[in-house]
Structures are given as C-alpha cells and as structure tokens.
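K.L.:
give me the fold of what follows.
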Amino acid sequence: MSTPRLHEIISTLDDLYDPSWADDWDAVGTVVGDPDDSVSKVLFAVDPVRAVVDEAIDWGADLIVTHHPLLLRGVNSVAATTPKGKVVHSLIRSGIALHTCHTNADSPPGGVSAAMADAFGLADVSPLDADAADPLDKVVTFVPHANAQQVVDALAAAGAGSIGEYDRCHFASSGTGSFRPSAAANPTIGVSGRIEEVPETRLEMILPRAGRTQVLAALRAAHPYEEPAFDLFELAEMPGDRGSGRVGVLPEPMPLRDFAARVVDALPATSSVARVAGDPERLVRTVALCGGAGDFLLDRARSVGADVYVTSDLRHHPVSELHEHDEAPAVVDVPHWSAEWTWLPGAARTLADRLSAEGATVETRVSRVVTDPWAMYVPWSSTEPS
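P.N.:
Alright, predicted model coming up:
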C-alpha cells in the first residue's frame, strides 16, 4: 500500500461529493494545502475552528475534512489577528491541509441527511425533495444483422448502454428495412434506382444526454450504411437518488415522546436541547428529516404525509404557521452540530475504503470535540406565563 498525495484524496472526495452538487452560494473544496503533499492521517470534523485544528496538530494529521466552510464569504485578509486568519496560519505552519464538503455532501446517498436516517433506524429511505436524475436519451437504429454487434460495441464505447453497474445494455429485434438509392448514392447494399428490402436488427440503447454528440458520431462511424437511419428520443425526467432531506419509515409506530427520545439517543450529546412541537402521544411512523437548517422543507414534509419532521435551527413563525394546518407533522428541532456529526463516521470509513481499493492507505479519525457553540440551557421553572 502506498501513501496517497493530497490531490489523490481530493479526487476521491470529489467523486463521492461532487463540487457541482453544491449550492450556488456555497464555498466547497480545498482551502489550504499543497496538492503534491503526502497524506497519511485525515481528521473529519463538522467545524474548522481552533479546537479542531489543535486536535489535528496533536494527532499529527495531514488533512482536515470539515462539513462547514472556513471562508464561506469573501474576505480581504487572513491575518493571524482574526479568528479565521489564525486558523489559516496554524494550518499552514503545521503542514495541514483543509478541505470542505458542505452542501455537496448534503444530498447524495451516504451524505448528511442519509446518515441521519441511518442513525434513526429508518427503512425505505428516499430523498424528501429529490433532484432530477441526469437526463437521458434513447437512440434507435437499424442495422443489417451481420453488423449489429459492431454497432453495439461502438455505441457502448462512446458511452451508451450503461445502466447502474451494467454496460453494453441494449435491446435488439428483427424486421425488414426498405429503401431506394438515388442515382447519386453509393449504397452498401443494393443498386441505384431499385427498391431494396434488407433483413435488419433494430437496436435500442440509452445514453446520457450530455453524451449525445459523441454517441451519434460513433453510430455514423460504425454503421455500414452511407446514410444510417436512426431515431433519437429525449426520455422523461426521473427523480434521482440525490436530493434535499430524506423520508423513511420506522420499523414500528411509536409515540412522539418516545421517538424524540430515540432521536436524542442517536445523536452525540451537546449542551443544547432538542425541542418538540406536537402532541407527545401522537403516533409517528413516517419520518422526514434534513441535516442542518431545514425550515425550507417544512411544507414538503407536510405534503408527503410525514408524521414528524426532524431538522435544526427552526424559527418560531415557520413552525407556528405549519401547525395551523390540520395535517401538519410534529417537529423535532435538534442541535445543528449533532445532526451533521452523524455524517462523519461514514465519510471517514468510505474514504479509507475507496483509497484502499486503489492501493493507497490512510488513517482516519472522527473528531469528538463538541463545537456546538451553545454552552448550557436553563429550563423554565414553570410553563405558565407569570
């Protein structure tokens, strides 16, 4: 096993959490680090703050991967006299790289919301608000039987016919093609001016819409006819496996009171609290959730018929307005840091496994430094207004 370079690790992370999946306002990617540096230890954490950097220095980490960005908004200075500047200086001085996977790690399978669903023990999990899958076309062409497989090979090499873990997928059926070459034609089969009928194979293959140009070029190059006939169809958009939030079901219904306790037990402890809106005795089975600040999905959780919605950073008015609807779900508001921490163990494990499969090895660690900014809570002595 070899020790990977930083650029190799970043390439693997970008494959898992494509930067193009990030929201337009976000700042993801490498903040500090030389692409050619060797990396043997990677620390995963939620926040790129001083306490996490100190842990990385003490452990001898070469790279920190955080969920939250260090420099989300533009800055004019990273002088060590500012908190963020001090982090940058400490990282560079210690030879530690910093890479951020933020909203690009929220939506995919194995991302933040998916990790929360696993932590809560949900089944039949799917995106709460699914992104459209990458658009597909279907190409249909008609080839003499003897040439069918060479055309399939050419289309597959150009990117057509891939479905999940299968490639060269196609459907073939038999029929009769008919045509009449003009006087200016140079037909592969037949002669000018005479109607021809040829036993042909009808081939159908799907392809990424983005690969349309190269697939059609391959078809024309491999097809034996001077003017190959083909149809190209744009397929309907389908929901993909990425998207905001998740929705799933509990193995058995349980009272909201017990479900809230289950949620708290599944998350790492902080000095913050979980808040619950709804009848504590209400039975819940269908659970919607979103890692981080998820008030933008409150109505979506209601529209899919969720019994409860779990997220963070909820404000008074959105929750109050939600519960003006008779069919509104209960709401569990959990600490932001705790919810997003659930992603770290799986991300660390997946990175190590991917690199190992490629012949490289790194040691990974998940930071348990609690970087939730809230230090304590004070319960009310009474729930009645004084």
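
K.L.:
and the longest helix along the chain, what's buried?
P.N.:
Counting residues, the longest helix found in the chain (DSSP state H) is helix 343-357. If you call a residue buried by 16 or more other C-beta atoms under 10 Å, then helix 343-357 has these buried ones: Trp343, Leu344, Gly346, Ala347, Ala348, Thr350, Leu351, Ala352, Arg354, Leu355. Just so you know, the C-beta spots here come from the backbone N, C-alpha and C atoms, and that holds for glycine as well.

K.L.:
a markdown table for those, including pLDDT and distance to Ala51?
P.N.:
Converted to a markdown table, the buried residues of helix 343-357 look like this (pLDDT from 0 to 100; distance: C-beta to C-beta, whole Å):
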| residue | pLDDT | distance to Ala51 |
| --- | --- | --- |
| Trp343 | 98 | 19 |
| Leu344 | 98 | 15 |
| Gly346 | 97 | 23 |
| Ala347 | 98 | 20 |
| Ala348 | 98 | 18 |
| Thr350 | 97 | 25 |
| Leu351 | 97 | 22 |
| Ala352 | 96 | 24 |
| Arg354 | 95 | 28 |
| Leu355 | 95 | 27 |
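
K.L.:
if we can go back for a sec, which secondary structure elements does the longest helix of the chain contact?
P.N.:
Taking 3 or more C-beta pairs under 8 Å, 6 or more residues apart in numbering; DSSP states H and E as contact, the helices and strands that helix 343-357 lies on are helix 6-16, strand 41-45, helix 112-119, strand 363-366.

K.L.:
before we move on, back to that, out of the buried residues of helix 343-357, which one sits closest to His223?
P.N.:
Nearest to His223 among the buried residues of helix 343-357, counting by C-beta to C-beta, is Arg354 at 39.0 Å.

K.L.:
so what's the nearest residue to that closest one once chain neighbours are set aside up against?
P.N.:
The shortest distance from Arg354 to any non-neighbouring residue, by C-beta to C-beta, 6 or more residues apart in numbering, is to Thr12 (5.1 Å). Contact partners of Thr12, counting by C-beta atoms under 8 Å, 6 or more residues apart in numbering, are Leu351, Arg354, Leu355, Glu358.

K.L.:
run the last query once more with 10 Å
P.N.:
For Thr12, the contacting residues are Pro4, Thr350, Leu351, Ala352, Arg354, Leu355, Ala357, Glu358, Ala360, Val362, taking C-beta atoms under 10 Å, 6 or more residues apart in numbering as the criterion.

K.L.:
of those residues, closest to His170?
P.N.:
Compare each of the contacts of Thr12 with His170 using C-beta to C-beta and the shortest gap goes to Ala357, at 29.3 Å.

K.L.:
all helices for the stretch 51-200 of the chain, in order.
P.N.:
Using DSSP state H, counting those that start in this stretch, the helices found in the stretch 51-200 of the chain span residues 83-94, 112-119, 148-157.

K.L.:
you'd agree Lys367 is up against Asp58?
P.N.:
Careful, residue 367 is Ser and not Lys. No. With the criterion set as C-beta atoms under 10 Å, Ser367 and Asp58 do not qualify as a contacting pair; they are 11.2 Å apart.

K.L.:
the two: who's more crowded?
P.N.:
When Ser367 and Asp58 are compared on other C-beta atoms under 10 Å, the one with more neighbours turns out to be Ser367, at 22 against 8.

K.L.:
which residues touch that one?
P.N.:
Here Ser367 is in contact with 43-47, 51-52, 55-56, 59, 61, 64, 66, 341, 344, 348 (criterion: C-beta under 10 Å, 6+ apart).

K.L.:
and Ser338, how far is that from Asp26?
P.N.:
Separation of Ser338 from Asp26 (C-beta to C-beta, to the nearest Å): 21 Å.
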